[in-house]
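Q: Attaching a predicted model along with its sequence, questions to come.
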Amino acid sequence: MTLTDQAAKAKGPPRWLEPDQVLPVQGRVGEDIVIEPKLRWSDVFDELRYELLRGDVPIPSDRYRVQMRGNVVQLTLKQTQKDDTGHYALVATRVGQGFDKGSSKKIHLSVDEPSEEGDPPTFLRRLTDLAVKVGTRTRFLVEIRSSTTPMVTSYIIIIYQS
């Protein structure tokens, strides 16, 4: 790739991984809900800006926070309410470009009332397939939400490939 190719790519909108897939997200009333869509690694992540839309209406910026961690865009919706349930789009664009030129990630948010009985645990972040070199220390990150103390059992399947 030439320097000109890289400059041309940087001028276009950032691109999401799995751009056509709607990201389903669940949460409870009164909680901050964290959503973590990913951008393609080939993009340049500095000088990006984001806007959250519900339909065609921008959500006020004091209702959410956006942070970058590598290629992960961490969107936090603050103090969600039952009427926040619906379809959203997180639009990413480069500084100096209009949001109409941006790339959109679709999100379906479901906000439930807290249960007094205790609902079954919900995975906020599931395990993903991981390939590592033999002998490498590996950390697995899983996030589970539960109104009671869950019992977590893990099974690891090891497949050796040569």
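A: Nice, thanks for sending it over.
Q: what's the distance between stretch 135-155 and the middle of its chain?
A: For stretch 135-155, the separation from the chain centroid amounts to 19 Å (computed by Cα atoms, centre = their mean, to the nearest Å).
Q: Kindly provide the whole-number mean pLDDT of that stretch.
A: The average pLDDT for stretch 135-155 rounds to 79.
Q: got it, and stretch 20-37?
A: 90.
Q: What is the end-to-end distance of that stretch?
A: End-to-end distance for stretch 20-37: 12 Å, by Cα to Cα, to the nearest Å.
Q: which stretches of this protein form strands?
A: Applying DSSP state E to the chain gives strands spanning 23-28, 33-35, 48-54, 57-58, 64-69, 72-77, 86-94, 103-112, 122-125, 143-145.
Q: remind me which residues of the chain are low pLDDT?
A: Scanning the chain for pLDDT under 70 picks out the ranges 1-11, 42-45, 115-119, 161-162.
Q: How about the contacts made by the residue nearest in space to the middle of it?
A: For the chain, residue 36 is the residue whose C-alpha lies nearest the centre (Cα atoms, centre = their mean; 1.5 Å). Applying Cβ atoms under 8 Å, 6 or more residues apart in numbering to residue 36 gives the contacts 72, 73, 74, 75, 125. (C-beta placed from N, C-alpha, C; glycine too.)
Q: hmm, try it at 7 Å
A: Contacts of residue 36 were listed using Cβ atoms under 7 Å, 6 or more residues apart in numbering, and they are 72, 73, 74.
Q: And for residue 101?
A: Per Cβ under 7 Å, 6+ apart, neighbours of residue 101: 13, 93.
Q: Okay, it and residue 53: tell me how far apart.
A: 14 Å (Cβ to Cβ, to the nearest Å).
Q: Now flag whichever of the contacts of residue 36 is closest to residue 134.
A: Of all the contacts of residue 36, residue 72 has the smallest distance to residue 134: 27.3 Å, by Cβ to Cβ.
Q: wait, doesn't that closest one sit right on residue 41?
A: No. Between residue 72 and residue 41 there is no contact under Cβ atoms under 7 Å: 10.8 Å.
Q: and those two? which has more neighbours close in?
A: Higher neighbour count among residue 72 and residue 41: residue 72, with 14 against 9, using other Cβ atoms under 10 Å.
Q: partners of the more buried one in the sheet?
A: The partner list for residue 72 in beta bridges (DSSP bridges) reads residue 38, residue 69.
Q: ditto for residue 125
A: Going by DSSP bridges, residue 125 forms beta bridges with residue 143.
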